[in-house]
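Visitor: what's the 3D shape of this:
(chains A and B)
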Amino acid sequence: GAVVSQHPSWVICKSGTSVKIECRSLDFQATTMFWYRQFPKQSLMLMATSNEGSKATYEQGVEKDKFLINHASLTLSTLTVTSAHPEDSSFYICSAREGLAGNQETQYFGPGTRLLVL
Amino acid sequence: AQSVTQLDSQVPVFEEAPVELRCNYSSSVSVYLFWYVQYPNQGLQLLLKYLSGSTLVESINGFEAEFNKSQTSFHLRKPSVHISDTAEYFCAVSDGYGGSQGNLIFGKGTKLSVKP
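Guide: Okay, the predicted model is just below:
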């Protein structure tokens, strides 16, 4: 149980294009989803937190117009990197937390999406 | 503010040897503690967690961690490692689950390399 998928697993795009990454909770309803970014040989940096049906909360320093997050259902959140540039190349990881009592504390992570912007 | 310190960035060890990956945290409130494992080019997998109750928690693959409140530590141990345990291990702390609480703060990670 508690499986989170991401699609695509990797993507290469040209500078200036937009890229959408999907995050799905496959066997549970995720009231909250998180988006992280991981640079090589570094830890995860939280980008934003999204609750189903409401606007995402972005961490300081993360441009909300650059990284659009939509959490339209309890099983799907999307991250769109708009007008991507080479510096946006990174490993993006989502996580999901279910709302059931007794398991609200644990985040389950997706396998990550590697983005390379040329 | 909460923070997590993983003192060792890399830990090389021979197969079947014991290992301890250290994690210390700072927090002014009660915390939940987690260890996640990340294999190359993959996302994070939950290894074990401490929420309440027994301070010693175990995973299904032989790892264990002990919550020590007085020392603010949550070190991860395994008595005998395998080659397949080679991965990066992240310690994380959360102060709750609702609203603005419940975000995970990660340590910088410890890369465990198991050599034959």
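Visitor: Could you use CA atoms for every contact and neighbour count after this?
Guide: OK.
Visitor: touching chain A at all, stretch B:12-24?
Guide: No. Contact between stretch B:12-24 and chain A is absent, the nearest approach being 14.0 Å (criterion: C-alpha under 8 Å from any C-alpha of the partner chain).
Visitor: Let's test this: mean pLDDT of that stretch, rounded?
Guide: Taken as a whole, stretch B:12-24 has a mean pLDDT of 97.
Visitor: Tell me where chain B is predicted with low confidence.
Guide: Confidence mapping of chain B against pLDDT under 70 gives the ranges B:28, B:95-102.
Visitor: how about the spatially most central residue of it, what does it touch?
Guide: Taking C-alpha atoms, centre = their mean, the centroid of chain B lies closest to B:Trp35, which sits 3.2 Å from it. Applying C-alpha atoms under 8 Å, 6 or more residues apart in numbering or on different chains to B:Trp35 gives the contacts B:46-49, B:76, B:89-92.
Visitor: Regarding it, what is its secondary structure?
Guide: Recorded secondary structure, B:Trp35: strand (DSSP: H, G, I helix; E, B strand; the rest coil).
Visitor: roughly how far apart are the residue of chain A found nearest chain B and B:Ser26?
Guide: Residue nearest to chain B within chain A: A:Pro111 (3.8 Å; C-alpha to the nearest C-alpha). Distance of A:Pro111 to B:Ser26, computed by C-alpha to C-alpha, to the nearest Å: 29 Å.
Visitor: next one: B:Tyr50
Guide: 15 Å.
Visitor: circling back to that earlier point, ok, A:Pro111 and B:Ser26, which is more surrounded?
Guide: A:Pro111 (26 against 15; other C-alpha atoms under 10 Å in any protein chain shown).
Visitor: For chain B, what lies in contact range of chain A?
Guide: Applying C-alpha under 8 Å from any C-alpha, we find that chain B lies next to chain A at B:32, B:41-46, B:90, B:94, B:96-97, B:102, B:106-109.
Visitor: on that earlier part again, what residue, apart from its backbone neighbours, is nearest the residue of chain A closest to chain B spatially?
Guide: Leaving aside its chain neighbours, A:Pro111 sits nearest to B:Gly43 (3.8 Å; criterion: C-alpha to C-alpha, 6 or more residues apart in numbering or on different chains).
Visitor: mind listing what A:Thr49 touches?
Guide: A:32-35, A:56-58.
Visitor: ranking the contacts of B:Trp35 by neighbours, who comes first?
Guide: Most surrounded of the contacts of B:Trp35: other C-alpha under 10 Å gives B:Cys91, at 30 neighbours.
Visitor: hang on, that residue in a helix?
Guide: No. Per three-state DSSP, B:Cys91 lies outside any helix segment and is strand.
Visitor: Is the closest residue to it other than its chain neighbours bridged to anything, and to what?
Guide: Excluding its sequence neighbours, the residue lying closest to B:Cys91 (C-alpha to C-alpha, 6+ apart) is B:Trp35, at 4.6 Å. On the basis of DSSP bridges, B:Trp35 takes part in beta bridges with B:Leu48, B:Cys91.
Visitor: And B:Trp35, how close does it get to A:Leu79?
Guide: Taking C-alpha to C-alpha, one finds B:Trp35 at 26 Å from A:Leu79.
Visitor: do A:Cys94 as well
Guide: If you go by C-alpha to C-alpha, the gap between A:Cys94 and A:Leu79 works out to 9 Å.
Visitor: Quick check: the residue of chain B nearest chain A.
Guide: B:Gly43 (3.8 Å).
Visitor: That residue and A:Gly110 touch, don't they?
Guide: Yes. Using C-alpha atoms under 8 Å, B:Gly43 is in contact with A:Gly110, at 5.6 Å.
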